[in-house]
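> take a look and give me a structure for this.
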Amino acid sequence: MKVRTFYGDNMSAVLTKIRYEVGEEAVILESLEHPTHGYEIKVGVDNSRELKAQEGHTRRIMKEQGYTRKASEMIVRGSGSQSGLIESISHDLTFESQLPFKSKVVALVGPTGVGKTTTIAKLAAQFRVACDLTIGFISLDTYRIGAAHQLQTYATLLHIPCRILDGEKPLEEEFTNALHGLRKCDLIFIDTAGCSPRDKERLHRLSQQMKSLAQMERMLVLAAPMNEYDLRMAAESFDQVGYDRVILSKLDETGFMAPIVNTAIRLQKPLAFFTTGQRVPEDIEPASAKRLSWFMERKMH
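Predicted structure coming up:
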């Protein structure tokens, strides 16, 4: 029931206004004289029809956009206000953006083209300024032509030390030497080779590489414009590599939030960061229920 308050010079005027605006179904909850408005009457209004109509509209849009039943229930539970949706999202998803967290060495893993290298540059620039941390880079990507060069370019622009591993030498030895060279850094980002979720051989090789290296935290990067099937396949395929948290990239490039929201709910891993463009370092932010609700509501109207 919705509560509304009406004012008027006298009781009759207030009641007339209530009948005109609300109708006969209004229930008087409180009536009293007001020191400045004359008379004040509070009425209860049955808005169940309005809420059902709103819920029906919301469900239709969710079905059109492809939200799963679980995601739809989350949205319906919080429909009606932004604060309600934020609370509902917070109930079903967790958010954790702290760095360093489990380890001062953080590796970004994920499919090709999701923006791992650019995300590393954004994170490095943000945390160096905001937290006064000394940052270092290590590139494990020896597959793509120019991949290490891209990270090195960012390192040069940001004045950050960078170590590029030699793919022809033993990985563990190269990695140990790189860590030693960056031992004074507060936070070290590892750029890994992206690979197709369908390339089982490359995924197995990356998994073995990561297991052979020193303890580190791994964050999976998923691009929001990916379709739901590819998102699910990527998340399942990178399970063998292992990851602790998830970064959602390219949120500015998608017209539908359903695939990435469905995937986030299914994974039940903390969301760490959102990226929203190509600018370094501006287009990255801590993941939050408030920001995710904004993206979802923007696409549902």
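> burial measure for Y7, as a count.
Residues lying near Y7 (other Cβ atoms under 10 Å) number 14. Any C-beta I mention is one placed from the backbone N, CA and C, and that applies to glycine too.
> beta-bridge partners for it, please?
As for beta bridges, Y7 partners with E40 under DSSP bridges.
> kindly report the same for R245.
M219.
> isn't there a helix covering A130?
Yes - counting by DSSP: H, G, I helix; E, B strand; the rest coil, one finds A130 located in a helix.
> check the gap between it and E201 for me.
Distance of A130 to E201, computed by Cβ to Cβ, to the nearest Å: 40 Å.
> equivalent analysis for P281, please.
Distance check for P281 against E201: by Cβ to Cβ, it reads 35 Å.
> which one of the two has more residues nearby?
Between P281 and E201, counted using other Cβ under 10 Å, P281 has the larger neighbour count: 16 against 8.
> which SS state does the more buried one fall under?
Using three-state DSSP, the structure places P281 in coil.
> hang on, it packs against I120?
No - contact criterion Cβ atoms under 8 Å: P281 and I120 do not qualify, at 10.7 Å.
> tell me the contacts of E96?
Going by Cβ atoms under 8 Å, 6 or more residues apart in numbering, E96 touches R245, P270, L271, A272, A287.
> repeat the analysis, applying 7 Å as the threshold.
For E96, the contacting residues are R245, P270, A272, by Cβ atoms under 7 Å, 6 or more residues apart in numbering.
> likewise for S103?
Contacts of S103 by Cβ under 7 Å, 6+ apart are Q215, M216, E217.
> ok, of the residues you listed, which come out buried?
M216, E217 (16 or more other Cβ atoms under 10 Å).
> between the contacts of S103, which sits nearest A235?
E217 (17.2 Å; Cβ to Cβ).
> can you give me phi and psi for that closest one?
Note on E217: its backbone torsions stand at phi -90, psi 150 [degrees, to the nearest 10].
> strand partners of the strand or helix carrying E285, parallel vs antiparallel please.
E285 is part of strand 284-286, with elements assigned from DSSP states H and E. In the sheet, strand 284-286 lines up against strand 271-275 (antiparallel) (DSSP bridges).
> show me the strands in the stretch 201-301 of the chain, by range?
Applying DSSP state E, counting those that start in this stretch to the stretch 201-301 of the chain gives strands spanning 217-223, 245-249, 271-275, 284-286.
> any buried residues in the last one, and which?
Meaning strand 284-286. I284.
> deepest of the strands of the stretch 201-301 of the chain, which one?
strand 245-249 (a mean of 25; mean count of other Cβ atoms under 10 Å).
> what mean pLDDT does that strand have?
Taken as a whole, strand 245-249 has a mean pLDDT of 96.
> show me what that strand is packed against.
Counting contacts by 3 or more Cβ pairs under 7 Å, 6 or more residues apart in numbering; DSSP states H and E, strand 245-249 packs against strand 217-223, helix 258-267, strand 271-275.
> can I get that strand in CSV, CA atoms only?
Extracted as CSV, the C-alpha positions of strand 245-249 are listed here (Å, rounded to 0.1, in the frame of the first residue of the first chain):
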residue,chain,number,x,y,z
ARG,A,245,37.9,-12.8,-9.4
VAL,A,246,36.3,-11.5,-12.6
ILE,A,247,36.8,-8.3,-14.6
LEU,A,248,34.1,-7.2,-17.0
SER,A,249,35.5,-5.3,-19.9
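> what's the angle between that strand and strand 217-223?
Using axes from the mean of the first three to the mean of the last three Cα atoms, to 10 degrees, the direction of strand 245-249 lies 30 degrees away from that of strand 217-223.
> what sits up against strand 245-249?
Contacts for strand 245-249 (Cβ under 7 Å, 6+ apart): 96, 114-115, 119, 219-224, 260, 264, 267, 269-275.
> before we move on, back to that, can I get the helices and strands packed on strand 245-249 in TSV with distance to S31 and mean pLDDT?
Conversion of these to TSV gives the following (distance: least, Cβ to Cβ, whole Å; pLDDT from 0 to 100):
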stretch	distance to S31	mean pLDDT
strand 217-223	57	95
helix 258-267	47	94
strand 271-275	50	97
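> export those to a markdown table and tack on distance to I135?
Shown next, in a markdown table, are the helices and strands packed on strand 245-249 (distance: least, Cβ to Cβ, whole Å):
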| stretch | distance to I135 |
| --- | --- |
| strand 217-223 | 15 |
| helix 258-267 | 27 |
| strand 271-275 | 15 |
